[in-house]
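# For reference, the sequence and a predicted model appear below.
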Number of protein chains: 2
Amino acid sequence: MTLIEKTEQLKKSSYRLAAAGEDLRNRVLLDTAASLRKNADRIITENKKDLDAAEKADLNQALVKRLAISEPKLEQMALGLESLAALPDPLGRTTLHRELDDGLVLNRRSVPIGLIGVIFESRPDALVQIAGLCVKSGNSVILKGGSEALNSNRILSEIIIEAAEAVSDVFKDTIMLVESREDIGRLLEMDQYIDLMIPRGSNELVRHIMDNTKIPVMGHSDGICHMYVDEAFNLEQSLDLIRDAKCQYPAVCNAIETLLVHEKAADRIVPLLPGKMPEVILLGDEGVRRLIDVESASEEDWDTEYNDYILSVKIIGSLEEAVDFINLHGSHHTDCILTTDDKKADYFMTNVDSSSVMRNCSTRFADGFRYGFGAEVGIATGKIHSRGPVGLEGLTIYKYFLSGDGHTVKPYADGEKEFTHRDL
Amino acid sequence: MTLIEKTEQLKKSSYRLAAAGEDLRNRVLLDTAASLRKNADRIITENKKDLDAAEKADLNQALVKRLAISEPKLEQMALGLESLAALPDPLGRTTLHRELDDGLVLNRRSVPIGLIGVIFESRPDALVQIAGLCVKSGNSVILKGGSEALNSNRILSEIIIEAAEAVSDVFKDTIMLVESREDIGRLLEMDQYIDLMIPRGSNELVRHIMDNTKIPVMGHSDGICHMYVDEAFNLEQSLDLIRDAKCQYPAVCNAIETLLVHEKAADRIVPLLPGKMPEVILLGDEGVRRLIDVESASEEDWDTEYNDYILSVKIIGSLEEAVDFINLHGSHHTDCILTTDDKKADYFMTNVDSSSVMRNCSTRFADGFRYGFGAEVGIATGKIHSRGPVGLEGLTIYKYFLSGDGHTVKPYADGEKEFTHRDL
């Protein structure tokens, strides 16, 4: 079978999968968890092949570390699937229940999206998490992992597919691993079969996918997050939050790239920044450089995601100016105000157009697990359908169900009958 | 100002508009309704210019009829705006309220999408309805109407903009009418400013827009709707429903194009079809043609939206076959089963992957007004964000609000603290 035939098969199977009960879907998750534990040795042996190849190819150590599957990491994957099974069913939730007229009843219920393509890099545990989210939400899924994790991805997807097909025939042809880089291009052309693409990886990968397909894409390319220090703020707390948001894990999308400081707050906090985070290279505008000895930030810096121990800092004249600056230069991902003033917090959170807006806490909380979604397929900055950390709910859409007893439109169109429109 | 500068201005204004209270937005709707009544003579005079031009250009009568604005039609527009004002606010609805840990609280609330571009044809009352929906949902909007309604659209948009700006400065630069056909191409390139395009018009218009922009498009090109007559059915009721779904208004997307009949039902119902709807040209497969004398349906017919008094009819061997046929040939818009069997209805409604699935009623009910949404911007067949009749709710998206008291991620990442994830 060619890739297009296989993809058509997955699309067809997705219709049946939509009707699979919660029990079946949860059983797949639990059986997969058990099978991961039982096959620990096999998985670690296959993973070792990838690690050896990475060693030979001289991949950088951070990447090799992400690639490695240890016993505890495997146990974490299994626990993740078990906690996913324990979450409430995202399907069949009634979000509207309305009588239109006597005997004519409308329902809107959540249903799966259909066939989802996920393209991710290096971490093989992402495969287990994503496949698990798709099983729980009743979606068929095409998985394309990084070539450096080829053997790991193969064994993991084999184990999931085996567990799923053993539970019920309804899961046949609902999960597929795709291995070659050329297949990405082929998948991007199959808008007749694939309902949604979710790229997880570098900005370049995401932008390439967004620019080369008619399939809707959920995700984000840039993660340019801000903190804004208002004139009324708690000094010690703010310093801790800035440090956490920048340094706790700088390579991720919800770490901050730019710090804005109100001009009336600047001389209290800016001089303490270098001491608070000595490992960070600070870049400043003129106002900042009057207070501390740092390199100058260029215009480009305000639009740059460093993903590194670098932070650009700017003095701002007012809250309104800060909000405008963030809406212009940010990526509508996650932005936070540090203030003790409720009104200013409210203005900031209402007017900043980002998927998560925060007050007096770290931007690093913008995450599906931390929000209590169990896991996430990614963080979306679009506004169509889902934004912010996307968990199970973001993998569903609703469908209208209307039942009548011979109701024709004509008497309503002719004004002989009127709707009751009564919510039930 | 160039179109791109004006569009940038509308995008900027949309951030402020997102904070406009419900009272202000409703007042715009009520003041516009009052102004439509007060300016009835001016509006009808301007509309007359379009009607005269249409007469001269020899436009077809159906089109001229849709173009005309009478006193009763104007009163309907005003009443429509008033009932929109009376609907609950679609903004600020809390859809998640969760404590993540002591003092760290997450909220998810509905907010506007931002700047929406709407391209519609001929009917000037559509302009009032769409602008009204956007005002109520706090979205900025660019309106592009048909050139044959130029003078009507101009006066109507003037009246809305005047009413809005008189209510508050927050509505300045939030509504814009665009007149030239060339501007459509320019708008489609402005994915940095426009969050969503909603085309309402011919299949060709919609497909052109979907194929030529990176902006998300909400709507549908085809409306290929089905009715399926199961083996257990109510004969008289089914004939009435088939007639209503085809003939009540055949030029619209939610009219049926194809009738599927179970082989065990065929000889009871098929022979009665020509008598029940003499104005309809029936096309049949071989099985149908054994029962009645009609032209043969070609393979293409199963994928054709006639928008006319034409209906293709096919005999089907089983419910499963009917569902597969609809998922393959339909446009995921609206499909209906005619049956007295609850289990079969349930199977059909679960397995047909359309935005509205129905039982024993007319597909013509798939409509925002009939569903009780007050009005609709269109019917969407995509699955990302909104599908089916799209009213106010489909013009909003949510935003996460997180408030803490100095909460850093580090202790959670290091395993020193655990989330409570308690829904409030």
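Received the coordinates, thanks.

# and the residue nearest to A:Thr340 when sequence neighbours are not counted, how far is that from A:Glu320?
Taking C-beta to C-beta, 6 or more residues apart in numbering or on different chains as the measure, A:Thr340 lies nearest to A:Ala232, with 4.9 Å between them; neighbours along the chain are not counted. To be clear about C-beta, it is placed using only N, CA and C from the backbone, and glycine gets the same treatment. Spatial separation of A:Ala232 from A:Glu320 under the definition C-beta to C-beta, to the nearest Å is 16 Å.

# quick one: A:Leu259 and chain B, what's the gap?
16 Å (C-beta to the nearest C-beta, to the nearest Å).

# Within its sheet, name the partner strands of the helix or strand where that residue lies and how each one runs.
Assigning secondary structure by DSSP states H and E places A:Leu259 in strand A:256-262. The strands that strand A:256-262 pairs with in its sheet are strand A:225-229 (parallel), strand A:310-316 (parallel) (by DSSP bridges).

# Other residues contacting the last one?
Around strand A:310-316, the neighbours that count as contacts under C-beta atoms under 8 Å, 6 or more residues apart in numbering or on different chains are A:228, A:246, A:256-263, A:266, A:270, A:273, A:277, A:280-285, A:287-288, A:294, A:297, A:301-302, A:304, A:322, A:325.

# so who does A:Thr334 touch?
A:Gly223, A:Cys225, A:Asn254, A:Ser354, A:Ser355, A:Ser356, A:Val357, A:Met358, A:Thr363, A:Ala366.

# hang on, A:Ser221 is in a helix, isn't it?
No: secondary structure of A:Ser221 (DSSP: H, G, I helix; E, B strand; the rest coil): coil, not part of a helix.

# mind checking the SS state of the closest residue in space to it that isn't next to it in sequence?
The shortest distance from A:Ser221 to any residue that is not its chain neighbour, by C-beta to C-beta, 6+ apart, is 4.3 Å, and that residue is A:Val206. Here A:Val206 is recorded as helix under three-state DSSP.

# can you tell me which residues contact the residue nearest to A:Asp308 when sequence neighbours are not counted?
Residue nearest to A:Asp308 in three dimensions, not counting chain neighbours: A:Pro250, with 5.6 Å by C-beta to C-beta, 6+ apart. Taking C-beta under 8 Å, 6+ apart as the definition of contact, the neighbours of A:Pro250 are A:Tyr306, A:Asn307, A:Asp308, A:Tyr309.

# The same query, at a cut-off of 10 Å, please.
The contact partners of A:Pro250, taken as C-beta atoms under 10 Å, 6 or more residues apart in numbering or on different chains, are A:Ile256, A:Glu257, A:Glu279, A:Val280, A:Tyr306, A:Asn307, A:Asp308, A:Tyr309, A:Ile310, A:Leu311.

# about what we covered before: now the strand holding A:Leu259 - C-alpha only, CSV.
Listed in CSV are the C-alpha atoms of strand A:256-262, where the atom choice follows Å, rounded to 0.1, in the frame of the first residue of the first chain:
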residue,chain,number,x,y,z
ILE,A,256,10.5,34.9,28.8
GLU,A,257,12.6,36.7,26.2
THR,A,258,11.8,40.3,27.1
LEU,A,259,11.4,42.1,30.4
LEU,A,260,9.5,45.5,30.4
VAL,A,261,10.0,47.7,33.4
HIS,A,262,7.9,50.8,34.2
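
# and after that strand, which helix or strand comes next?
The C-terminal neighbour of strand A:256-262 among helices and strands, as given by DSSP H and E, is helix A:266-269.

# list the helices and strands that following helix packs on?
With contacts defined as 3 or more C-beta pairs under 10 Å, 6 or more residues apart in numbering or on different chains; DSSP states H and E, the secondary structure elements packing on helix A:266-269 are strand A:225-229, helix A:235-247, strand A:256-262, helix A:286-291, strand A:310-316.

# For A:Arg108, give its distance to chain B.
Per C-beta to the nearest C-beta, A:Arg108 is found 8 Å from chain B.

# Next: A:Lys6.
Taking C-beta to the nearest C-beta, one finds A:Lys6 at 17 Å from chain B.

# The helix or strand containing that residue - what's its average pLDDT?
Here A:Lys6, judged by DSSP H and E, is contained in helix A:3-17. Confidence over helix A:3-17 (mean pLDDT, whole number) is 93.

# How about that helix, which residues are buried there?
Residues of helix A:3-17 classed as buried: A:Leu3, A:Thr7, A:Glu8, A:Gln9, A:Leu10, A:Lys11, A:Lys12, A:Ser13, A:Ser14, A:Tyr15, A:Arg16, A:Leu17 (neighbour count, 16 or more other C-beta atoms under 10 Å in any protein chain shown).

# So which elements touch it?
Contacting helix A:3-17 under the criterion 3+ C-beta pairs under 10 Å, 6+ apart are the following elements: strand A:104-112, strand A:115-120, strand A:140-144, strand A:175-178, helix A:181-188, helix B:319-329, helix B:342-351.

# Please identify which of the ones you listed is closest to A:Leu150.
With respect to A:Leu150, and counting by C-beta to C-beta, the nearest of the helices and strands packed on helix A:3-17 is strand A:175-178 at 9.5 Å.

# Pairing partners for that closest one, with directions?
Strand A:175-178 has the following strand partners under DSSP bridges: strand A:140-144 (parallel).

# and the strand it pairs with, how far from the chain's centre?
When distances are taken as C-alpha atoms, centre = their mean, to the nearest Å, strand A:140-144 is centred 16 Å away from the chain's centroid.

# following it, which helix or strand shows up next?
For strand A:140-144, the succeeding helix or strand toward the C-terminus, using DSSP H and E, is helix A:150-167.

# pLDDT of that following helix, averaged?
Averaging pLDDT along helix A:150-167 yields 96.

# May I see the buried residues of that helix?
Buried, per 16+ other C-beta under 10 Å, within helix A:150-167: A:150-161, A:163-165, A:167.

# so what's the closest residue to A:Leu241 other than its chain neighbours scoring on pLDDT?
With C-beta to C-beta, 6+ apart as the measure, A:Ser362 is the residue that lies nearest to A:Leu241, at 5.5 Å, once sequence neighbours are left out. The score at A:Ser362 is 91. That number is its pLDDT.
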